[in-house]
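> take this sequence and fold it.
(one chain, ligands or ions: 1)
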Amino acid sequence: MPFVRKEGRLVLQQAGQDIDILTLAQSESHPCYIYDGDDVLNRLKALKSSFDRPVSIHYAMKANHHPEILRRIAAAGYGVDTVSMGEVKKAMKCGFSADQVVLSGVGKTVAEIDFAIENQIKQINVESVPELQRIIHRSQALGKVASVAFRMNPDVDPKTHPYTSTGFRDNKFGMDQSFLPQLIRLVQDSQGAVRFMGLTNHIGSQIRYTDAFEEATEKTRRMLDHVLESGIPLSTFDIGGGLGIDYDQYDPNKDLAEIGDYGLKMSQALKGVDLEIMTEPGRVIVGRCGILVTEVQYVKEAPYKNFLICDSGMHDLIRPALYRAHHRVEPLQLKSGETKIYDVVGPICESADVLGYDRRFEGVEQGDWLAVFDAGAYGAVMASSYNLHEPAKEIVFFDGKAY
Ligand code: LLP
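Numbering: from 1, shown residues only. Model prediction:
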């Protein structure tokens, strides 16, 4: 269980120890991300065992690419989903072998494709006809065979934020099924330059409405059957990532139940598919494992609004500013005193620089430290250098030891 309260203080319980977060934050004296690495591995295990059949998990490293987290995931035998040459290189540096790497992304450059082919990665998820043409051309030039899967767009509404929806027909991602005949023809005409592995979809992120996954799987499965019926042998079926978490509250048992439900639903939807099942989860693995800690610099009580002005903000965690995403914010040490409502804001010269709107705090004072919860996914990786504040350090704990 990642972070718990002990006598009002937030602690990380690992290896039979209580790691006191306030002591750690004060010794760093700067905003930092603190991750529970053990929780990451536990959640991967939970996801794997939630399926009633073998499943190849490829962790979507775009969510969090702390090197020690990647090293542990690789060492535990999981694969990785990447979206750039930078990510492929980092994954391989952290111990993933090429045959555990999937490369996704709509805008792959020649250099990225060449790198993937040269290294013979497991699978390139193709997002358009011109991309397949480019891959075939580069495979022929390099004299090597590229393994490709086609990312289909099943036209499903995942009922998530529009910025994180990707499987709707008007999104830039994936391909409509009407492209399949053309794609297959290109493969057949390529004289063995590409190996057609299978189909894939990824309909979006922070999806809480899990029927959408079933619908997407069913639709993509129909396309898959169509390909198999035409006598083309395939080896993989990749169901993407996207499972969300409940940012409003945290109950570890409920989380595990939700992961279990997802695995069960997907297992049902995949009954009879006799291929390697691949999945690319990010947030559900690392979202819960991280907090961002920040010190209150000023308590600013104005006639119309109260603010807690902190030393961290949208430069460290952009999700609230970009998506109006909700993250729980709490003091590292609970206090008693007058209760007031505050906007928790950062130092950046933008009114969007908010970590939490209208939050209730008791007895809060200058110099208090706060935790922004569920910041393990799409937190540090989306940080920017805007206003040139020193970036938040990232500390991960495995088995009671800090890295
Ligand atoms: N596979 C592909 C091809 C993806 O594009 C993504 C995420 C994933 C897997 C992993 O999705 P997950 O399981 O983490 O939902 N910055 C946004 C999220 C963007 C997700 C982009 N793609 C946020 O902070 O909510």
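> and the helices in the stretch 1-150 of the chain?
Secondary structure of the stretch 1-150 of the chain, counting by DSSP state H, counting those that start in this stretch: helices at 21-28, 37-50, 67-75, 85-93, 110-118, 129-142.
> nope, the stretch 301-403 of the chain is what I was after
319-323.
> just the closest residue of it to the ligand, please.
Closest residue of the stretch 301-403 of the chain to the ligand, C-beta to the nearest ligand atom: residue 378 (3.1 Å). Where you see a C-beta, it was placed from the backbone N, CA and C, and this is true even at glycine.
> please apply the same query to the stretch 251-400 of the chain.
For the stretch 251-400 of the chain, C-beta to the nearest ligand atom, closest residue to the ligand: residue 282, 2.6 Å.
> tell me who's in contact with that residue.
By C-beta atoms under 8 Å, 6 or more residues apart in numbering, residue 282 lies in contact with 59, 60, 61, 62, 63, 64, 81, 205, 241, 377, 378.
> arrange the residues you listed in CSV, one row each, with neighbour count, pLDDT and distance to residue 270 as further columns.
As requested, the contacts of residue 282 are exported to CSV (neighbours: other C-beta atoms under 10 Å; pLDDT from 0 to 100; distance: C-beta to C-beta, whole Å):
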residue, neighbour count, pLDDT, distance to residue 270
59, 31, 98, 20
60, 28, 98, 19
61, 26, 98, 24
62, 22, 98, 24
63, 24, 98, 23
64, 28, 98, 27
81, 29, 98, 18
205, 25, 94, 21
241, 25, 97, 15
377, 26, 98, 25
378, 23, 98, 27
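> give me the number of neighbouring residues for residue 246.
Here the neighbour count serves as a burial measure; for residue 246 (other C-beta atoms under 10 Å) it reads 14.
> my bad, should have said residue 366
Other residues near residue 366 number 12, with proximity taken as other C-beta under 10 Å.
> same question for residue 223.
Neighbour count for residue 223, taken as other C-beta under 10 Å: 18.
> picking that back up, among the contacts of residue 282, which are in strands?
Secondary structure assignment (DSSP state E) places 59, 60, 81 from these within strands.
> what pLDDT does the nearest residue to residue 289 once chain neighbours are set aside get?
Sequence neighbours aside, residue 376 is the residue nearest to residue 289 in space, at 4.1 Å (criterion: C-beta to C-beta, 6 or more residues apart in numbering). Note for residue 376: predicted pLDDT of 98.
> same thing with the one 4 residues further on?
Here, the pLDDT recorded for residue 380 equals 98.
> so how far is residue 351 from it?
For residue 380, the distance to residue 351 equals 23 Å [C-beta to C-beta, to the nearest Å].
> quick one, which of these two is more surrounded?
Neighbour comparison, residue 380 and residue 351: the larger count goes to residue 380, with 22 against 8 (by other C-beta under 10 Å).
> now do the same contact list for the more buried one.
So residue 380 contacts 33, 64, 66, 290, 316, 392, 394 (C-beta under 8 Å, 6+ apart).
> who wins on neighbours among these?
Comparing the contacts of residue 380 on neighbour count, residue 290 comes out first with 30 neighbours (neighbours: other C-beta under 10 Å).
> name the residue most distant from the centre of the chain?
Here the chain reaches farthest from its C-alpha mean at residue 303, the gap being 40.1 Å by C-alpha atoms, centre = their mean.
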